[in-house]
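Chemist: Test case, fold it:
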Amino acid sequence: MFDYATIKFIWWLLVGVLLIGFAIMDGHDMGVGTLLTLIGRTDDERRVMLNTVGPHWEGNQVWFITGGGAIFAAWPFVYATAFSGFYWAMLAVLWALFFRPVGFDYRSKLENPRWRSFWDWGLFVGGFVPPVIFGVAFGNLLEGVPFTFDDTLRAAYTGSFWALLNPFALLCGLVSCAMITFQGATFLVLRTEGALRDRARRSACIAGIVTALLFVLAGFWVAHIPGYIVVAGDLPGGASNPLAKVVTTAPGAWMANYARYPLLWLLPLIGIATALAGAVFGSRGRGGAAFIASSLTQAGVIGTAGASMFPFLMPSSLNPNASLTAWDATSSPLTLTIMFWVAIVFTPLILLYTTWCYRVMRGPVTEEQIRANSKSAY
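Modeler: Predicted structure coming up:
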């Protein structure tokens, strides 16, 4: 039905959609976790915050798992190289995520304040650490990752965990943390009442403005760091061979796609405009509009990163010719086609079921509800 080049591009788009879906759906869970100890002043308020996301957080993890599975199946070279090079970073994400299921399930089992405070901070770690590390990872992708391939296409990575924590990557980590916190804050404006909602409104305003400012700063930085350009080879419909091309680097090369396709400027403009709009909506208590705006911010920021790098997926600073792209790091046409039809069938079903769940459990969570259901609520 599709030629090889088209199905490769479709899967580049689909993986991008999965990443955006993860940032929107799992993002507001993690954002609430990040804010748990910052704006939840009493035990009842923190339980209200947990119960806004408690019924959905496990289902939202599907976006994270599906995204990883899609990268494994669609881009096996990227999966193998990234999980080798970013091994300790991925472990840090997993260790942080361990706090989430245990924290949600056990935090309110005992009324001991120390017990609950420990799990509150555990849930904070589970909400704060993963977005920061994901942002740091994206920053390192934009700078280039120190890996190469031998003649048998076995990857060799020469970097270290601490080398990942360079200034630009840390800035990207702050952008990621700010936008996920923004997502959580707008969700709390939508789902809470009273003094807690007032603090969520202020948090949404601050997080939205910080997201916009950091995103602009990162954009100026990207415009001046060396980017990657394919100068020979790498045919869209060619075989998957990362070594069959010639790549060079040049300052500002990541801006080339915007010069070639000016319409792409809409992506960063959406990221900035919706962050500021969400800050205004959040400060005024318009929870629905604020949450939609913050969701568009996730799409704008992630879309900007993808559009800037395309067709590169994982550039190599050690051997630019070994950089992985959407054209030479993919699975076979049969694999991509089968996965495409699976996605076409099941993605709408997941979206419909998720929409139904949120509709059934819509409305604000109140402290009165928490006290009335103290033995069953989170």
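
Chemist: so the closest residue in space to residue 275 that isn't next to it in sequence, which of the three states?
Modeler: Among residues not flanking residue 275 along the chain, residue 212 sits closest, at 4.0 Å (C-beta to C-beta, 6 or more residues apart in numbering). For the C-beta atoms, the positions are set from N, CA and C on the backbone; glycine is no exception. What DSSP: H, G, I helix; E, B strand; the rest coil gives for residue 212 is helix.

Chemist: Which residue ranges of the protein form strands?
Modeler: With strands called from DSSP state E, the chain shows them at 147-149, 155-157, 226-233, 245-251, 312-314, 324-325.

Chemist: Would you confirm that the residue nearest to residue 275 contacts residue 272?
Modeler: Yes: counting by C-beta atoms under 8 Å, residue 272 is a contact partner of residue 212 at 5.1 Å.

Chemist: hmm, back to that, who touches the residue nearest to residue 275 in this structure?
Modeler: Residues counted as contacts of residue 212 (C-beta atoms under 8 Å, 6 or more residues apart in numbering) are 271-272, 275-276, 279.

Chemist: Most neighbours of all the residues you listed, which one?
Modeler: For the contacts of residue 212, neighbours were counted using other C-beta atoms under 10 Å, and residue 275 has the most, 29 neighbours in all.

Chemist: pLDDT score for residue 365?
Modeler: Residue 365 is assigned a pLDDT of 87 by the prediction.

Chemist: got it, and residue 315?
Modeler: With respect to pLDDT, residue 315 has a value of 95.

Chemist: That one: neighbour count?
Modeler: 24.

Chemist: which non-adjacent residue is nearest the residue nearest the centre of the chain?
Modeler: The C-alpha lying nearest the average C-alpha coordinate of the chain belongs to residue 23 (C-alpha atoms, centre = their mean; 4.2 Å). Of all residues beyond its chain neighbours, the one nearest residue 23 is residue 298 (3.9 Å), with distances taken as C-beta to C-beta, 6+ apart.

Chemist: which residues in the chain form helices?
Modeler: Using DSSP state H, the helices of the chain run over 4-39, 43-53, 57-74, 76-85, 87-106, 113-143, 167-191, 194-222, 256-260, 266-283, 287-309, 333-360, 367-372.

Chemist: of all the ones you listed, which lies closest to residue 228?
Modeler: Closest to residue 228 of those, according to C-beta to C-beta: helix 287-309, at 8.0 Å.

Chemist: quick check: angle from that closest one to helix 167-191?
Modeler: Relative orientation of helix 287-309 and helix 167-191, computed by axes from the mean of the first three to the mean of the last three C-alpha atoms, to 10 degrees: 160 degrees.

Chemist: For the residue nearest to residue 275, give its distance to residue 64.
Modeler: 26 Å (C-beta to C-beta, to the nearest Å).

Chemist: Residue 261 now?
Modeler: Taken as C-beta to C-beta, the span from residue 261 to residue 64 is 30 Å.

Chemist: Please say which of the two ends up with more neighbours.
Modeler: residue 64 (18 against 11).

Chemist: Enumerate every residue touching residue 296.
Modeler: Each residue near residue 296 by C-beta under 8 Å, 6+ apart is listed here: 270, 274.

Chemist: and it, what pLDDT?
Modeler: Per-residue pLDDT puts residue 296 at 97.

Chemist: what do you get for residue 301?
Modeler: If you check residue 301, the pLDDT there is 97.

Chemist: ditto for residue 121
Modeler: Note on residue 121: pLDDT of 95.

Chemist: Can you tell me the closest non-neighbouring residue to it?
Modeler: Nearest non-adjacent residue to residue 121, counting by C-beta to C-beta, 6+ apart: residue 37, 6.2 Å away.

Chemist: Could you report the separation of the one you found from residue 366?
Modeler: For residue 37, the distance to residue 366 (C-beta to C-beta) stands at 21 Å.

Chemist: try residue 42
Modeler: 13 Å.

Chemist: ok, residue 238 - how many residues close by?
Modeler: 15.

Chemist: which residues touch it?
Modeler: By C-beta under 8 Å, 6+ apart, the contact list for residue 238 reads 244, 327-328.

Chemist: try residue 256
Modeler: For residue 256, the contacting residues are 227, 229, by C-beta under 8 Å, 6+ apart.

Chemist: okay, it: pLDDT?
Modeler: 94.

Chemist: same thing with the one 10 residues further on?
Modeler: According to the prediction, residue 266 has pLDDT 97.

Chemist: Would you indicate which residues of stretch 118-133 are buried?
Modeler: 119-120, 122-133 (16 or more other C-beta atoms under 10 Å).

Chemist: can you tell me which of those residues lies nearest to residue 82?
Modeler: Ranked by distance to residue 82 (C-beta to C-beta), the buried residues of stretch 118-133 are led by residue 133 at 12.4 Å.

Chemist: My read is that the residue nearest to residue 23 contacts residue 20, right?
Modeler: Yes: using C-beta under 8 Å, residue 298 is in contact with residue 20, at 5.8 Å.

Chemist: quick one: which of the two has more around it?
Modeler: Per other C-beta under 10 Å, whichever of residue 298 and residue 20 has more neighbours is residue 298, with 27 against 22.

Chemist: show me what contacts the more buried one?
Modeler: Contacts here follow C-beta under 8 Å, 6+ apart; on that basis residue 298 touches 20, 23-24, 27, 179, 183.

Chemist: I'd like to know how many residues surround residue 342.
Modeler: For residue 342, using other C-beta under 10 Å, the count is 11.
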